[in-house]
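K.L.:
need coordinates for the below:
(one chain, ligands or ions: 1)
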Amino acid sequence: MNVYDAERMADILAPVGYMLTDTPDDADLVILNTCHIREKAAEKVYSDLGRIRLAKGARADANAMVIAVAGCVAQAEGEEILKRAPYVDMVFGPQTYHRLPEMVARAHRRTGVVLETDFPADSKFDHLPEPAAKGRTSAFLTVQEGCDKFCTFCVVPYTRGAEFSRPVEQVMKEARGLAAAGVREITLLGQNVNNYRGYVRGSAAWSLGRLIAELAEIDGLDRIRYTTSYPADVDEELIAAHRDVPALMPYLHLPVQSGSDRVLRAMNRRHTADDYRRLVASLRVAQPNLALSSDFIVGFPGENDRDFQDTMDLVQEIGFAGAYSFKYSPRPGTPAAIMEWQVAEGVKKDRLAALQDLLNAQQSGFNATCVGTELDVLLEGHGRHPGQLIGRSPYMQAVHVSAPDNLIGTIATLRIDEAHSNSLAASLLENRQTERAID
Ligand code: SAH
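P.N.:
Residues are numbered from 1 along each chain as shown. Here you go, the predicted model:
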């Protein structure tokens, strides 16, 4: 979502004369878009700011560069940033960036620091211009933002605010614009994307499943994905979309966090490990090719060896094609940060290593099962070697192939020759080079 937000910031600044540069060295404005989800991400802000300050200092006229901090660290630590990095000129949260032209003008006037971290009553989406999508084959589209779930480890409800769904017509318009600009694949984004409730005039709000079915009708949009889902909010319409909508890719990121019911309860997750098993089973009935990825936290307060084993057992049982896993990171202001029985760092480290060994083995195993099969790959651009293109399989695997440039932006059916831990190597099939699988 930060990538999407950053793109939209560029979109809204373009009409007032800003364009992207590759380095901060000669920039008039540097925006550091930040993440607050774990301590490590938040701490990186200060080292990055240090480097940006050097670039600013190297300029003949240091006032020529405005330094801004955006995103969730800005939202959570606005005042603190200005104290620790007094050379920062602008701080704004994730819900106020539609005001950028006005904020930037103020900052350039140098009449004092610009701080905008409120949650405005109006939605930024009502003020953003059409996204600039030219030359892209795949794009993000935020349909939902914020979270009302209050998992006890998580800062999202405090930094992104309450759940909000963009109206259906606004989403459809943005998607049509992307498709018209040549985008073939969209990933629908939301912190809790499957609790999407899109306003439609004269009808009940649309669910995510309904929205996906409608988006699939747009000419040229061949692939649809969504992230991130909350297991307890997967409904029948979404499961049906996995069965009935061929454009909906058979790959789902469905965070479970833990396999222990004790830990899930302490996390306020509102689902048990068995609920998750049952949900995966019904999704697999709807879409037998479904591959799954997930998020895991190890070392949540109170997690013991038995709880951790429950997580390992769940992973073993479900089988994941990919995953993100993290050591629990206490976040200021969240209930879990002050829970008793915080887990020792060494224990977290060992559990993470064991879990990642298992998840990596599953990912490699999944990639290996693809060798010898044919997969539809959306070719997105050039690979590292001359004559090589790179694309994505339906299962989000990076795929390399020797192929002519005119295939960029098309979906090609490729034979998978080799599997590596993070990518696949493939070759073109004779005679069928430009066939689009979904047509
Ligand atoms: N539903 C959210 C989840 C975002 S955070 C969304 O997609 O926006 C992504 C993952 O980070 C979570 O699923 C969780 O596994 C991990 N995470 C969140 N807070 C954490 C914390 N305090 N410590 C460690 N990992 C955390």
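K.L.:
mean confidence score for stretch 80-100?
P.N.:
Average pLDDT, stretch 80-100: 95.
K.L.:
list the buried residues for it?
P.N.:
If you call a residue buried by 16 or more other CB atoms under 10 Å, then stretch 80-100 has these buried ones: 81-82, 85, 88-100. C-beta here means a position set from N, CA and C on the backbone, and glycine is covered the same way.
K.L.:
where along the stretch 201-350 of the chain do the helices fall?
P.N.:
In the stretch 201-350 of the chain, the helices defined using DSSP state H, counting those that start in this stretch lie at 208-215, 236-244, 261-266, 273-286, 305-318, 345-370.
K.L.:
re the thing from before, just the buried residues of stretch 80-100: which are in helices?
P.N.:
Assigned to helices by DSSP state H, the following of these qualify: 81-82, 100.
K.L.:
a markdown table for the residues you listed, including distance to residue 226?
P.N.:
Listed next are those as a markdown table, based on distance: CB to CB, whole Å:
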| residue | distance to residue 226 |
| --- | --- |
| 81 | 32 |
| 82 | 37 |
| 100 | 27 |
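K.L.:
what's the closest of those residues to residue 182?
P.N.:
residue 100 (26.5 Å; CB to CB).
K.L.:
the closest residue to the closest one other than its chain neighbours: helix or strand, and which one exactly?
P.N.:
Leaving out its chain neighbours, the residue that sits closest to residue 100 by CB to CB, 6 or more residues apart in numbering is residue 12, at 5.3 Å. Using DSSP states H and E, residue 12 maps to helix 2-13.
K.L.:
how about that helix and the ligand, touching?
P.N.:
No: Helix 2-13 lies out of reach of the ligand by CB under 6 Å from any ligand atom, never closer than 10.1 Å.
K.L.:
flag every residue of the protein that's near the ligand.
P.N.:
37-38, 153-154, 156, 191-192, 228, 255, 257, 295, 297, 326, 328-329, 331.
K.L.:
could you identify the buried members of those?
P.N.:
Buried among these (16+ other CB under 10 Å): 37-38, 153-154, 156, 191-192, 228, 255, 257, 297, 326, 328-329, 331.
K.L.:
ok, these vs residue 279, which is closest?
P.N.:
Nearest member of those to residue 279, counting by CB to CB, is residue 255, at 12.1 Å.
K.L.:
confidence score at that closest one?
P.N.:
98.
K.L.:
I'd guessed it sits against residue 294; true?
P.N.:
Yes: counting by CB atoms under 8 Å, residue 255 does reach residue 294; the two are 5.5 Å apart.
K.L.:
so, low pLDDT: which residues of the stretch 301-439 of the chain?
P.N.:
Residues of the stretch 301-439 of the chain that meet the criterion pLDDT under 70 lie in 431-439.
K.L.:
who does the helix holding residue 12 touch, helix- and strand-wise?
P.N.:
strand 29-34, helix 100-109, strand 138-142 (3 or more CB pairs under 8 Å, 6 or more residues apart in numbering; DSSP states H and E).
K.L.:
by mean pLDDT, show me the worst of those.
P.N.:
Looking at the helices and strands packed on helix 2-13, the weakest mean confidence is helix 100-109, a mean of 93.
K.L.:
going by neighbour count, list what's buried in that one.
P.N.:
In terms of neighbour count (16+ other CB under 10 Å), helix 100-109 has its buried residues at 100, 103-104, 106-107.
K.L.:
what are the contacting residues of that helix?
P.N.:
Residues outside helix 100-109 that contact it (CB atoms under 8 Å, 6 or more residues apart in numbering) are 9, 12-13, 15-16, 18, 29, 66, 68, 89-90, 92, 96, 114, 116.
K.L.:
how about the contacts made by the closest residue to the ligand within the stretch 151-300 of the chain?
P.N.:
Nearest residue of the stretch 151-300 of the chain to the ligand: residue 228, at 2.9 Å (CB to the nearest ligand atom). Going by CB under 8 Å, 6+ apart, residue 228 touches 190-193, 253, 255, 295.
K.L.:
what's the closest of those residues to residue 428?
P.N.:
For the contacts of residue 228, the nearest to residue 428 is residue 253 (29.4 Å; CB to CB).
K.L.:
tally of neighbours for that closest one?
P.N.:
Residues lying near residue 253 (other CB atoms under 10 Å) number 20.
K.L.:
what of residue 127?
P.N.:
For residue 127, using other CB under 10 Å, the count is 14.
K.L.:
can I assume it is in contact with residue 98?
P.N.:
Yes: if you go by CB under 8 Å, residue 127 and residue 98 touch, sitting 3.8 Å apart.
K.L.:
quickly list what's touching both of the two.
P.N.:
What both residue 127 and residue 98 touch, as defined by CB under 8 Å, 6+ apart, is the set residue 12.
K.L.:
can you pull the domain assignment for this protein?
P.N.:
The chain breaks down by automatic domain parsing into domains covering 2-116, 130-249, 279-369, 374-438.
K.L.:
okay, those domains, which one's buried deepest?
P.N.:
Most buried of the domains of the chain, by mean neighbour count (mean count of other CB atoms under 10 Å): domain 130-249, with a mean of 19.
K.L.:
now the end-to-end length of it.
P.N.:
26 Å (CA to CA, to the nearest Å).
K.L.:
can you report phi and psi for the residue located most distally from the centre of the chain?
P.N.:
No residue in the chain sits farther from the centre than residue 60, which is 38.5 Å out by CA atoms, centre = their mean. With angles defined as degrees, to the nearest 10, residue 60 sits at phi -60, psi -50.
K.L.:
ditto for the one 3 residues further on
P.N.:
Backbone torsions for residue 63, taken as degrees, to the nearest 10, come to phi -70, psi -10.
K.L.:
that one contacts residue 110, doesn't it?
P.N.:
Yes: counting by CB under 8 Å, residue 63 touches residue 110, with 6.5 Å between them.
K.L.:
let me see the contact set for residue 153.
P.N.:
Taking CB under 8 Å, 6+ apart as the definition, contacts of residue 153 comprise 267, 297, 300, 328-329, 331, 334, 336.
K.L.:
could you do residue 51 as well?
P.N.:
residue 24.
K.L.:
and it, what element?
P.N.:
Residue 51 belongs to helix 39-57, assigned by DSSP H and E.
K.L.:
tell me the mean pLDDT over that helix?
P.N.:
93.
K.L.:
so what does the next helix or strand after it touch, helix or strand wise?
P.N.:
Using DSSP H and E, the helix or strand that follows helix 39-57 towards the C-terminus is strand 66-70. Here strand 66-70 touches strand 29-34, helix 39-57, strand 90-92, helix 100-109, going by 3+ CB pairs under 8 Å, 6+ apart.
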